[in-house]
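Undergrad: Mind looking at a prediction? Sequence and model below.
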Amino acid sequence: MTDQHEPEQHEPDDLEDDLEDDEDFDDEFDEDFGALPPPAAPVFGLGDVPDGYRSGFACFVGRPNVGKSTLTNALVGQKIVITSDKPQTTRTVVRGIVHRPDGQLVLVDTPGLHRPRTLLGERLNDLVKTTWAEVDVVAVCFPADEKIGPGDKFLVNELAKVRRTTKIAVATKTDLVTADRIGEHLLDIAELGRETGTDWAEIVPVSSVAGDQIDLLGDLLVGLMPEGPPLYPDGDLTDAPEEILAAELIREAALDGVRDELPHSIAVVVEEMGLREGRPDDKPLLDIHANLYVERDSQKGIVIGKKGARLRQVGTAARQQIEALLGTPVYLDLHVKIAKDWQRDPRQLRKLGF
Ligand SMILES: Nc1nc2c(ncn2[C@@H]2O[C@H](COP(=O)(O)OP(=O)(O)OP(=O)(O)O)[C@@H](O)[C@H]2O)c(=O)[nH]1
């Protein structure tokens, strides 16, 4: 972690100045969240790199809510990608890095492909397709508790156009169904492969929640990577900037318990993040100043809650998650602002990092 960040690292397009001048943005509710002691940070050991070591990129794709982010976290062994029960939660490409004695897997988490209704939707779809062509393996996730549907066919047909990339199928959420249903699901996936001209290199049933077959999936994925040295230093779990990870964890906390169109209206930007000066070495404190954007005044009320109760819960939950991830006590300063109809406005999308 760096002590200080250069201003340009967290203020693309002079975000802060723009916001202050912009009457679409408004600021009335601030909340601060204090610090807790840090949990122990995880340690990964790679050792010497043996002959036959493999490394490369894989990405999980699938309809929204099929369990891609949860699977990424299960393989990495730590929460680095936010998950929620609201579809289309994932907006940022965050790479999870799996370190193993025989190889290194860099996992790219993409948004779910869907029929775009907004400019944001179109940009997300473009992002997904670009990623498919760049990775070594694309793993398509099909949740075992749902039948294969038109959305899956659309996606696999689009993926079939990306010829060179190896494709595997993952049957997710197997803990939710019977063995018979898993069997039926695997046959349906094989059939979908035949229909679309997709040659699945593997079809693997897994449960991220029960931890079933996660190691096997890791083995298979590493086996499909090209031979080569590690791509990232030992111990790195993600190359996403810490500001992005913190913003995602705040967004995840804010999504918990909100309904209807509100989940899609929430965006979070970390404006400033750095270790507080003048603290003893053994008692560091990471200051994080973040803005949570919603699209309308009514949404602001929901996010803040009665006398700020909901925002306080969000802040506390987010702070604990960020501390768990970064291993440093955090002081979170969270502000709620309105960015009017930002999902449809190119200028605001750019400001919010899309
Ligand atoms: N029972 C069960 N639930 C799971 C499993 N994997 C994921 N889930 C749940 O399914 C929901 C969606 O999981 P995510 O990992 O956020 O799904 P996603 O595909 O990344 O979703 P998007 O970001 O919207 O594309 C969450 O409520 C998860 O807890 C699993 O193996 N078993």
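TA: Cool, the structure landed. Note that this is a predicted model, so its numbers are computed, not measured. Residues are numbered from 1 along each chain as shown.

Undergrad: Can you pull the poorly scored residue ranges out of the stretch 251-354 of the chain?
TA: 260-261, 350-354 (pLDDT under 70).

Undergrad: how deep is residue 309 tucked in, by neighbour count?
TA: Residue 309 has 10 neighbours, counted by other CB atoms under 10 Å. Heads up, the C-betas are built off the backbone N, CA and C, glycines and all.

Undergrad: Kindly report the same for residue 71.
TA: 27.

Undergrad: next one: residue 187
TA: Neighbour number of residue 187 under other CB under 10 Å is 11.

Undergrad: now swap in the one 4 residues further on and tell me
TA: Neighbours of residue 191 under the rule other CB under 10 Å: 11.

Undergrad: and it, what does it touch?
TA: Counting by CB atoms under 8 Å, 6 or more residues apart in numbering, residue 191 touches no other residue.

Undergrad: Could you give the bridge partners of residue 290?
TA: residue 270, residue 334 (DSSP bridges).

Undergrad: which stretches of the chain form helices?
TA: Along the chain, counting by DSSP state H, helices occupy 7-10, 15-21, 68-76, 119-134, 150-160, 179-196, 214-223, 242-255, 262-265, 297-304, 309-326, 346-351.

Undergrad: Could you point out which of those helices sits nearest residue 96?
TA: Smallest distance to residue 96 across the helices of the chain (CB to CB): 4.0 Å, for helix 68-76.

Undergrad: per-residue confidence averaged over that closest one?
TA: Across helix 68-76, the average pLDDT comes to 88.

Undergrad: so that helix versus helix 242-255, what angle?
TA: Computed with axes from the mean of the first three to the mean of the last three CA atoms, to 10 degrees, the direction of helix 68-76 lies at 130 degrees from that of helix 242-255.

Undergrad: Helix 68-76 near the ligand at all?
TA: Yes. Between helix 68-76 and the ligand, judged by CB under 6 Å from any ligand atom, the touching residues are 68-70.

Undergrad: Please tell me which one of these counts the most neighbours.
TA: Neighbour-wise, the residues of helix 68-76 next to the ligand (other CB under 10 Å) top out at residue 68, 29 neighbours.

Undergrad: Give the bridge partners for the closest residue to it other than its chain neighbours, please.
TA: Counting by CB to CB, 6 or more residues apart in numbering, residue 68 lies nearest to residue 60, which is 4.0 Å off, once chain neighbours are set aside. When assigned by DSSP bridges, residue 60 has beta-bridge partners residue 109, residue 139.

Undergrad: Take stretch 201-221, keep the C-alpha atoms, and write them as CSV.
TA: The C-alpha coordinates for stretch 201-221 follow below in CSV (Å, rounded to 0.1, in the frame of the first residue of the first chain):
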residue,chain,number,x,y,z
ALA,A,201,-13.0,-28.3,-23.5
GLU,A,202,-14.5,-29.3,-20.2
ILE,A,203,-17.9,-29.3,-18.5
VAL,A,204,-17.5,-29.0,-14.7
PRO,A,205,-20.2,-28.9,-12.0
VAL,A,206,-19.2,-26.8,-8.9
SER,A,207,-20.6,-25.1,-5.8
SER,A,208,-18.8,-22.0,-4.6
VAL,A,209,-20.9,-21.9,-1.5
ALA,A,210,-20.3,-25.6,-0.5
GLY,A,211,-16.7,-25.5,-1.8
ASP,A,212,-17.4,-28.5,-4.1
GLN,A,213,-15.1,-29.1,-7.0
ILE,A,214,-13.5,-25.7,-6.8
ASP,A,215,-10.0,-27.2,-6.6
LEU,A,216,-10.8,-29.4,-9.5
LEU,A,217,-11.9,-26.4,-11.6
GLY,A,218,-8.6,-24.7,-10.6
ASP,A,219,-6.6,-27.8,-11.8
LEU,A,220,-8.5,-27.9,-15.1
LEU,A,221,-8.1,-24.1,-15.7
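
Undergrad: just for the stretch 101-250 of the chain, where's the confidence low?
TA: Those would be 109-117, 120-121, 124, 234-240, if you go by pLDDT under 70 across the stretch 101-250 of the chain.

Undergrad: residues from it in reach of the ligand?
TA: Residues of the stretch 101-250 of the chain lying near the ligand (CB under 6 Å from any ligand atom): 112, 172-173, 175-176, 207-209.

Undergrad: Flag every buried residue along stretch 57-64.
TA: 57-63 (16 or more other CB atoms under 10 Å).

Undergrad: which one of these is nearest the ligand?
TA: Of all those, residue 62 has the smallest distance to the ligand: 5.8 Å, by CB to the nearest ligand atom.
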